[in-house]
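Chemist: sequence first, predicted coordinates after that:
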Amino acid sequence: MSKYRRDIILIIKDDAVYPDSIDTRVECLNYVIACVDNKEGFCQAHELVNRNRITSNKRKILSAVKKEHLKPFRFLLNKN
């Protein structure tokens with residue numbers, strides 16, 4: 001049974017692929033995703049726009065995304 005809770009599709013261009021190298025790449029990808037796949041990482045990567053105001057306040061961002069849909073004139077922006 002897999003020890004990871006997410007599905008990762010890994011596309012490799014090399015002709016000679018060994019199972020150990022695939023496992024190593026998946027472990028590295030899982031580590032990178034786990035570093036940013038939490039509330040703190042989410043709030044650092046997003047901003048909340050409310051009509052004329054932009055905020056990076058963690059509490060406001062988390063309360064806005066708890067609901068299925070954002071209120072009118074509120075947008076979630078990725079800083080990337």
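Modeler: Alright, I've got the coordinates. The structure displayed is predicted, hence computed values, not measured ones.

Chemist: counting neighbours, what do you get for the nearest residue to Val65 once chain neighbours are set aside?
Modeler: Residue nearest to Val65 in three dimensions, not counting chain neighbours: Leu76, with 6.8 Å by C-beta to C-beta, 6 or more residues apart in numbering. Where C-beta positions appear, they are placed from N, C-alpha and C, glycine not excepted. Leu76 has 13 neighbouring residues, counting by other C-beta atoms under 10 Å.

Chemist: do the same with Ala45
Modeler: So Ala45, with other C-beta under 10 Å, has 13 neighbours.

Chemist: any idea how far it lies from Asn38?
Modeler: Noted for Ala45: a distance of 11 Å to Asn38, by C-beta to C-beta, to the nearest Å.

Chemist: ok, back up a step: backbone dihedrals for the residue nearest to Val65, both of them.
Modeler: Leu76 has phi and psi values of phi -110, psi 120 when expressed as degrees, to the nearest 10.

Chemist: likewise Asp23?
Modeler: With angles defined as degrees, to the nearest 10, Asp23 sits at phi -60, psi -40.
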